[in-house]
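**Student:** I would like to see how this sequence folds:
(2 chains)
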Amino acid sequence: MRPRNTTSAGDDKIDLQMTPMIDIVFQLLIFFIMTFKIVAQEGDFSIKMPQKPSAGPPNPNQLPPIQVRLSADANGQLAGIQVGQRPLGRDFGALRAEILGIIGTERGPGSIAENTEVELDCDYNLHYEYVIDAITHVSGYTQGGKVMKMIEKIKFARQRPPG
Amino acid sequence: MRIRPKRDDLGDAEGDMTPMIDMTFQLIAFFMVIINFSEAEVSEAVQLPASQLAQPPEIPPENVLTLQLTAEGQVIFGGQMMDMQQISGALSRERQILQLSNTPLAEVTVVVRADRRAKTGVVQELISKCQDIGFERFALRAQQETADF
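**Tutor:** As a prediction, the model looks like this:
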């Protein structure tokens, strides 16, 4: 029987070469630090816009859409907001109050809010950020960190010609 | 004259590397976890408008097509910049690919990442071109704003 090697004081200590590993690790670390980018969260506003209306029977509870007109000046800045025939200046808060006045406080199935649609009619050269502002103020608001929904059905009116 | 100590007397003066390596690995693990490769679809040329109600969807849509629109009216699709005339051809090719994979166009969500200074008419034109191809679902993307109303 072959005797097992016993650990003795004569054994050489095996030194692992740490330097290449540390080099690679630091290179990885530098790569991640250089490519690190703080990106703000993004979210979507969903709109369903088929080219042709759906083939099924129309919803009898569907109310006529609320027309929201956004007009622009020559530079693409917001010139005015109008709900139906009612001008609201440039105040998106007034737009939200107007919509809340129409749909009331009731929510859920069968409510006015559920059966109402907003149609955005915007000038061609209006900056897109105002459209998102309008959609934000029409579709809800936050209260104590909670999102209170208003109108979720939003569509665009026919595109206006440039100029 | 001061006598320098002999080299043998110094002993091993190696610092303990273990805590540093531990910390470095933790940093690497942190960066690896938070790295987001989906940002490849995000162009620096587009500055999204901000909205407090823009929240990431709880269930991300399965079939997504991302169209980015710069302030100058150029469309970025599939990493390539093109003008409004070229986008119809690119969308037609995309439709063929979707049809080959038996994906109904009505189930595809077109994500519109338009710059805040883009003209609304151009955004509508882009949506209209998608509608001509047969897309129905659209998602207007905005950057989340944290401040309260």
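**Student:** Chain A: strands as residue ranges?
**Tutor:** For chain A, the strands defined by DSSP state E occupy A:42-48, A:66-72, A:78-83, A:86-87, A:117-122, A:140-143, A:146-149, A:153-156.
**Student:** May I see these arranged in CSV, with mean pLDDT and distance to chain B as well?
**Tutor:** Where you see a C-beta, it was placed from the backbone N, CA and C, and this is true even at glycine. Formatted as CSV, the strands of chain A follow (pLDDT from 0 to 100; distance: least, Cβ to the nearest Cβ, whole Å):
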stretch, mean pLDDT, distance to chain B
strand A:42-48, 82, 3
strand A:66-72, 92, 8
strand A:78-83, 92, 11
strand A:86-87, 90, 19
strand A:117-122, 91, 4
strand A:140-143, 85, 5
strand A:146-149, 83, 6
strand A:153-156, 88, 6
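**Student:** Assumed B:Pro61 was part of a helix.
**Tutor:** No - applying DSSP: H, G, I helix; E, B strand; the rest coil, one finds B:Pro61 to be coil, outside a helix.
**Student:** That one: what's it in contact with?
**Tutor:** With Cβ atoms under 8 Å, 6 or more residues apart in numbering or on different chains as the criterion, the residues that contact B:Pro61 are B:109, B:137, B:139.
**Student:** Tell me if I'm right that the second one and B:Val111 touch.
**Tutor:** No - contact between B:Arg137 and B:Val111 fails when scored by Cβ atoms under 8 Å: they sit 9.6 Å apart.
**Student:** Near A:Glu106, how many other residues are there?
**Tutor:** When neighbours are counted by other Cβ atoms under 10 Å in any protein chain shown, A:Glu106 registers 10.
**Student:** And the pLDDT at it?
**Tutor:** A:Glu106 carries a pLDDT value of 75.
**Student:** One more: B:Val112?
**Tutor:** The model's pLDDT for B:Val112 equals 93.
**Student:** what secondary structure does it sit in?
**Tutor:** strand.
**Student:** before we move on, what about the one 10 residues further on?
**Tutor:** B:Val122 carries the three-state label helix when classified by three-state DSSP.
**Student:** low-confidence ranges in chain A?
**Tutor:** Along chain A, segments meeting pLDDT under 70 span A:1-11, A:50-61.
**Student:** For chain B, which segments are assigned as helices?
**Tutor:** Secondary structure of chain B (DSSP state H): helices at B:7-10, B:18-34, B:84-100, B:120-133.
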